[in-house]
Structures are given as structure tokens and as C-alpha cells.
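*Asks:* Take this sequence and fold it.
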Amino acid sequence: MLSSLSDTELLARCRQSDDTLAFREFYDRHWPSLYQIAVCKLHRSEIAEELLQDLFIRIWERRYEAILN
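*Replies:* Residues are numbered from 1 along each chain as shown. The predicted structure is shown next:
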């Protein structure tokens, strides 16, 4: 079950096998708290959503880079 894996393990699965379900678990795990922080800082929900979408897209696109190791 993916919910029992650590963030490191989820990201490793993304790197090793392009596991979109592992990435979805990572996304679902972190989206709510990051969204709350972004809205509090930016005072605009639309901008917070766009910022987080860009962040998660970048994480997915850069999953093979050493920074995520």
C-alpha cells in the first residue's frame, strides 16, 4: 500500500518506474498543507493553485535528477 511508504520511497518509485500512482500519493499527501501555506502567504487562492501545480509538475519532470535522490 502506497500510503505506508515514506516520501523518499514514493519518489524513488517515481524515478525507478515512472510510477504515477506513487506520485499521486506524494501529491495528495502534500497538496493540502502546501496549499494552506501558499494561500496564507499570497492571499490569492488562484495564484496558490498555479504555484503548486507548477511545483508538482517540476518535481515530476525532474524526478531523475540528483536533487531528488
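
*Asks:* ok, and what's touching stretch 50-59?
*Replies:* Residues from elsewhere that reach stretch 50-59 (CB atoms under 8 Å, 6 or more residues apart in numbering): 23, 26-27, 31, 34-35, 38, 42, 68. To be clear about C-beta, it is placed using only N, CA and C from the backbone, and glycine gets the same treatment.

*Asks:* again but with stretch 1-18, I slipped
*Replies:* With contact meaning CB under 8 Å, 6+ apart, stretch 1-18 is reached by 19-23, 25-26, 29, 60, 63-64, 68.

*Asks:* Widest-spaced pair of these?
*Replies:* Distance extremes for the contacts of stretch 1-18: the farthest pair is 29 and 64 at 21.0 Å, using CB to CB.

*Asks:* Between those two, point out the one with more neighbours.
*Replies:* residue 29 (15 against 11; other CB atoms under 10 Å).

*Asks:* how close does the nearest residue to that one once chain neighbours are set aside get to residue 49?
*Replies:* For residue 29, ignoring the flanking residues on the chain, the nearest one in space by CB to CB, 6 or more residues apart in numbering is residue 7 at 7.4 Å. Distance from residue 7 to residue 49, counting by CB to CB, to the nearest Å: 22 Å.

*Asks:* Quick check: end-to-end length of stretch 36-50?
*Replies:* Using CA to CA, to the nearest Å, the end-to-end distance of stretch 36-50 comes out at 13 Å.
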